[in-house]
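1. Got a sequence here, can you model it:
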Amino acid sequence: VLQQSEILKVIHENVVKKWLEPFSELAEMKENYKKFYEAFSKNLKLGIHEDSTNQGRLSELLLSYRILSQPYTSSVLCLSHPSRFPTPGDN
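-> Numbers count the residues shown, from 1 in each chain. Okay, here's the model as predicted:
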């Protein structure tokens, strides 16, 4: 069947790789990424659930609820990896 074709699997992997690179670059542009994230966070979370191969790379693009609920400042918006969370003393 076409859906189980090895060629389609390779095409899928290459397309996913090509799309993940710009998202990582977009994450560095904090204000633009916040707008993107608010529009597509559900799709990103679904991708994490469905694509176990790229789960780690996709999860690095998540933002925490705490970050989204605060007013934007350059020090507040960060990716959700715990090492990147603002500490209570950071302002």
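
2. use CA for all of it now, contacts and neighbours both
-> Noted.

3. Give the rounded mean pLDDT of the helix or strand hosting E13.
-> Assigned by DSSP states H and E, E13 belongs to helix 6-28. The average pLDDT for helix 6-28 rounds to 85.

4. what's it packed up against?
-> In terms of contacts (3 or more CA pairs under 8 Å, 6 or more residues apart in numbering; DSSP states H and E), helix 6-28 is packed against helix 30-50.

5. if we look at the following helix or strand past the helix it packs on, which residues are touching it?
-> Beyond helix 30-50 in the direction of the C-terminus, DSSP H and E gives the next helix or strand as helix 55-59. For helix 55-59, the surrounding residues in contact (CA atoms under 8 Å, 6 or more residues apart in numbering) are 20, 44-45, 47-49, 80.

6. Pick out the lowest-pLDDT one from those.
-> Ranking these by pLDDT, S80 lands last with 53.

7. Next, the buried residues of stretch 11-25.
-> Neighbour counts over stretch 11-25 (16 or more other CA atoms under 10 Å) mark no residue as buried.

8. One more: stretch 50-58?
-> Neighbour counts over stretch 50-58 (16+ other CA under 10 Å) mark 54, 58 as buried.

9. Dump it to PDB, keeping only the CA atoms.
-> C-alpha atoms of stretch 50-58 as PDB (Å, rounded to 0.1, in the frame of the first residue of the first chain):
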ATOM      1  CA  GLU A  50       2.100  11.500  17.400                       C
ATOM      2  CA  ASP A  51       5.800  11.800  16.300                       C
ATOM      3  CA  SER A  52       7.900   9.800  18.800                       C
ATOM      4  CA  THR A  53      11.000  10.200  16.600                       C
ATOM      5  CA  ASN A  54      11.100  14.000  16.900                       C
ATOM      6  CA  GLN A  55       9.400  14.200  20.400                       C
ATOM      7  CA  GLY A  56      12.500  15.700  22.000                       C
ATOM      8  CA  ARG A  57      13.100  18.300  19.400                       C
ATOM      9  CA  LEU A  58       9.400  19.300  19.400                       C
END
